[in-house]
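Visitor: Provide a 3D model corresponding to the input given below.
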Amino acid sequence: MAHNGSNPLKRSPILQVLFPLIMGILFQWYLSLPQWLILIIIPLSLTGLLIFHWIPVLARFRHSMLSGIFTALLFISLGATLCRNQDFRQQPNWFGHHLSDTSSLLLVLEEPLVEKSKSFKAIAAVRASINNNQSEAARGKLLIYFSKDSTVQSLDYGSRLMIRQPVREIKSSGNPGAFDFKQYCLFQGITHQVYLRPGDYEVLPGKEQSWFRKQLFRSGQFLVQLLKQYIPGRQESGIAEALLIGYKQDLDPEIVQSYSNTGVVHIIAISGLHLGLIYWLLLLLLKPLNQSKRTRWLHAALVIAGLWTFSFLAGAQPSVLRSALMFSCMVLGNSVNRKSPAINSLAVSAFILLCYNPFWLWDAGFQLSYAAVLSILLFNQPVYNWFYVKNKLLDYAWKMNAVTIAAQILTLPVSLYLFHQFPVSFLFSNFIAVPLSSLLLLGEIFLCLIAFYPALAGFTGKLIASGIRLMNAWIE
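Guide: You can find the predicted model right below:
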């Protein structure tokens with residue numbers, strides 16, 4: 001028992017397959033492993049594992065390393081296969097394989113149009129490629145920019161377009177150390193872009209919409225209008241929208257820069273912080289159900305349902321869904337085996353997410369979320385033990401800062417690598433911003449619940465606006 005307790009791999013067995021999976025993804029992306037090699041390794045690894053489990057127990061004990069090697073090779077191959085399949089360019093029906101200057105593309109808008117300073121932007125999925133009057137089913141995504149003089153009022157999520165304008169491949173800036181926009185888009189499945197003026201496209205009749213995604217967009221728009229109605233001030237309502245559902249179109253660029261410079265930009269980028277607060281609130285409200293074995297399953301079910309309900313109301317953005325899955329695994333792990341380490345549940349969620357989309361391994365939100373949660377699990381208690389504070393209010397303030405310091409231990413190297421900067425004032429800015437933003441988020445949830453009572457909703461909106469002004473003043 002002592003040996004198992006001292007070995008983190010024995011206590012968190014999922015790590016034994018998570019690390020090889022990550023290695024396989026990295027090998028495939030940077031080394032482009034040939035498919036024939038992967039097809040040889042997979043059956044050999046499976047055969048090795050079967051033979052290993054057939055041999056006598058004593059021989060298995062003596063050669064236990066072989067089991068680890070075969071398992072690692074199997075999951076390295078799995079990671080490489082997932083990475084290869086996720087790359088649209090490796091698929092035979094990718095539209096880029098048969099693209100020419102005379103090609104026409106049948107597209108479907110995957111989101112409502114977003115207004116920019118000089119254009120409207122949207123992501124479109126390719127459904128078919130037309131060459132020499134012959135239509136062929138195709139896959140892929142591209143960025144569309146519509147000129148401001150285009151008639152875009154009729155365009156929305158699900159609109160079908162026929163474009164004849166040549167599309168061009170997305171290029172990187174070429175500056176060493178600069179943000180690689182080409183790779184970022186590629187990991188979203190987007191490889192090309194096009195700028196459309198009136199006459200460059202034709203709107204086809206009918207719309208291709210998913211009922212679920214349509215409701216997501218509608219709920220997001222409803223919440224944005226609700227916040228604008230009851231929270232006075234354009235700057236204040238913009239921050240409120242970003243806090244609650246991650247809607248960033250109404251944010252003041254100067255405020256965003258201030259939040260970035262002081263290390264609290266995570267507050268207005270909906271992430272694990274928001275889901276963590278919802279998670280804590282649900283645990284607090286449903287704590288009585290967790291005291292009895294008979295109702296423990298109901299406690300877990302209600303917490304998970306609350307997490308996913310908020311995630312969908314917030315627009316089901318990838319960063320939110322990742323956090324929801326992460327906390328759901330932690331809830332399930334705790335309800336099934338209360339002695340199971342939280343790191344094991346964290347690793348399970350990472351394994352599931354990377355199997356679904358291996359390109360999330362390069363996502364900044366994915367890296368920072370897992371680095372922050374892992375850092376808090378490992379270092380929060382040791383950091384909190386630095387000081388003993390008798391006063392309950394001061395002790396609460398120290399707890400908040402201990403969490404912030406603990407999270408920075410592992411997120412610091414990630415931030416330095418990704419953004420090449422470190423905000424030295426993060427401790428002072430987080431001291432007020434994190435607890436205040438948590439209260440504001442709870443206030444916004446309360447506002448949505450009592451929106452049917454305009455007088456109380458208006459009063460709550462004014463309180464939230466005052467809190468946002470205070471937070472902005474502190475950050476600036």
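Visitor: which secondary structure element of this structure has the lowest mean pLDDT?
Guide: Across the helices and strands of the chain, mean pLDDT, DSSP states H and E gives its lowest value to helix 2-6, namely a mean of 45.
Visitor: where does Lys214 sit, in terms of helix or strand?
Guide: helix 211-230 (DSSP states H and E).
Visitor: doesn't Leu143 lie inside a strand?
Guide: Yes - under DSSP: H, G, I helix; E, B strand; the rest coil, Leu143 falls within a strand.
Visitor: report how many residues lie close to it.
Guide: Burial of Leu143, expressed as a neighbour count using other CB atoms under 10 Å, amounts to 18. Every residue, glycine included, has its C-beta placed from N, CA and C.
Visitor: grab the nearest non-local neighbour of it.
Guide: Gln193 (4.0 Å; CB to CB, 6 or more residues apart in numbering).
Visitor: could you identify the longest strand within this structure?
Guide: Counting by DSSP state E, the longest strand found in the chain is strand 119-131.
Visitor: average model confidence for that strand?
Guide: Strand 119-131 shows a mean pLDDT of 89.
Visitor: name the residues of it that come out as buried.
Guide: By neighbour count with 16 or more other CB atoms under 10 Å, strand 119-131 contains the buried residues 119-120, 122-130.
Visitor: which is the next helix or strand following that strand?
Guide: Heading C-terminal from strand 119-131, the first helix or strand you meet, by DSSP H and E, is strand 134-137.
Visitor: tell me the strands beside that following strand, with direction?
Guide: Strand 134-137 sits in its sheet next to strand 119-131 (antiparallel), going by DSSP bridges.
Visitor: ok, residues contacting the partner strand?
Guide: Outside strand 119-131, the residues that touch it by CB atoms under 8 Å, 6 or more residues apart in numbering are 95, 98-100, 102-114, 135-148, 150, 152, 155, 160-161, 188, 190, 195, 208.
Visitor: and what of stretch 35-48?
Guide: Residues contacting stretch 35-48 (CB under 8 Å, 6+ apart): 66, 69-71, 73-74, 76-78, 80-81, 84.
Visitor: contacting residues for the nearest residue to Thr460 once chain neighbours are set aside?
Guide: Leaving out its chain neighbours, the residue that sits closest to Thr460 by CB to CB, 6+ apart is Leu447, at 4.8 Å. Contacts for Leu447 were tallied using CB under 8 Å, 6+ apart; they are 226-227, 230-231, 457, 460-461, 464.
Visitor: got a quick ChimeraX command for the buried subset of those residues?
Guide: Buried members of these, defined by 16+ other CB under 10 Å, are picked up in ChimeraX with:
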select :226,227,230,231,457,460,461,464
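Visitor: dump the contacts of Leu447 into JSON lines; add distance to Phe351 and pLDDT as well.
Guide: Compiled in JSON lines, these are given as follows (distance: CB to CB, whole Å; pLDDT from 0 to 100):
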{"residue": "Leu226", "distance to Phe351": "38", "pLDDT": "88"}
{"residue": "Leu227", "distance to Phe351": "36", "pLDDT": "87"}
{"residue": "Tyr230", "distance to Phe351": "42", "pLDDT": "86"}
{"residue": "Ile231", "distance to Phe351": "40", "pLDDT": "87"}
{"residue": "Ala457", "distance to Phe351": "43", "pLDDT": "85"}
{"residue": "Thr460", "distance to Phe351": "41", "pLDDT": "88"}
{"residue": "Gly461", "distance to Phe351": "42", "pLDDT": "87"}
{"residue": "Ile464", "distance to Phe351": "39", "pLDDT": "89"}
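Visitor: name the residues of the longest helix along the chain that are buried.
Guide: Once the chain is assigned using DSSP state H, the helix that runs over the most residues is helix 392-419. By 16+ other CB under 10 Å, the buried positions in helix 392-419 come out as 398, 401-411, 414-415.
Visitor: ok, so of those, who is nearest Val256?
Guide: Closest approach to Val256 among these (CB to CB): Ser415, at 16.6 Å.
Visitor: ok, the closest one touching Leu368?
Guide: Yes - counting by CB atoms under 8 Å, Ser415 touches Leu368, with 7.3 Å between them.
Visitor: before we move on, the earlier item: list only those of the contacts of stretch 35-48 flagged as buried.
Guide: Buried by 16+ other CB under 10 Å: 66, 70-71, 73-74, 76-78, 80-81, 84, out of the contacts of stretch 35-48.
Visitor: adding secondary structure, write the residues you listed out as JSON lines.
Guide: What follows is the buried ones among the contacts of stretch 35-48, written out as JSON lines (three-state DSSP):
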{"residue": "Leu66", "secondary structure": "helix"}
{"residue": "Phe70", "secondary structure": "helix"}
{"residue": "Thr71", "secondary structure": "helix"}
{"residue": "Leu73", "secondary structure": "helix"}
{"residue": "Leu74", "secondary structure": "helix"}
{"residue": "Ile76", "secondary structure": "helix"}
{"residue": "Ser77", "secondary structure": "helix"}
{"residue": "Leu78", "secondary structure": "helix"}
{"residue": "Ala80", "secondary structure": "helix"}
{"residue": "Thr81", "secondary structure": "helix"}
{"residue": "Arg84", "secondary structure": "helix"}
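Visitor: which parts of the stretch 301-450 of the chain are helices?
Guide: Under the criterion DSSP state H, counting those that start in this stretch, the stretch 301-450 of the chain contains helices at 318-336, 342-356, 364-384, 392-419, 426-449.
Visitor: and the third one, what does it pack against?
Guide: Counting contacts by 3 or more CB pairs under 8 Å, 6 or more residues apart in numbering; DSSP states H and E, helix 364-384 is packed against helix 272-285, helix 318-336, helix 342-356, helix 392-419.
Visitor: OK, contacts around Ala407?
Guide: By CB under 8 Å, 6+ apart, the contact list for Ala407 reads 372, 375-376.
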